[in-house]
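> Predicted structure and sequence below. I'll ask about it afterward.
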Amino acid sequence: MAILLLRGKAGLSEFSDQVVQQADVQEMVGRINFYVDPEAESAGYDKMTSLLKIHLKDDEFLAGRGDFAKAAPLIYDL
């Protein structure tokens, strides 16, 4: 998440030790909290719902939702 917020992309080159250890990346990592959201959890494992909420400095926030592709459980045999 930190890489996406800072670099706008998350390919393999963004996850090298050199990039991940940069001060701005480490600072952003410290600002990210992952937790189990009751709404996402209630969707069930076949949905793999992810909820995203970004708190801005002015007490506003951005929110988004990502639902795992419908075919994915078939592909990965969950």
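Received, thanks.

> drop to CA atoms for contacts and neighbour counts, all remaining ones
Will do.

> Near residue 67, how many other residues are there?
13 (other Cα atoms under 10 Å).

> from memory it sits against residue 48, does it?
Yes - assessed by Cα atoms under 8 Å, residue 67 is found in contact with residue 48 at 6.1 Å.

> now the spatially closest residue to residue 49 that is not a sequence neighbour: how far from residue 19?
Leaving aside its chain neighbours, residue 49 sits nearest to residue 67 (4.4 Å; criterion: Cα to Cα, 6 or more residues apart in numbering). Distance, residue 67 to residue 19, using Cα to Cα, to the nearest Å: 29 Å.

> can you check residue 62 too?
For residue 62, the distance to residue 19 equals 26 Å [Cα to Cα].

> These two: which has the busier surroundings?
residue 19 (14 against 9).

> Look up the pLDDT of that one for me, please.
On the pLDDT scale, residue 19 is placed at 93.

> So it versus residue 44, what's the distance?
Distance from residue 19 to residue 44, by Cα to Cα: 34 Å.

> That concludes my questions; thank you for your assistance.
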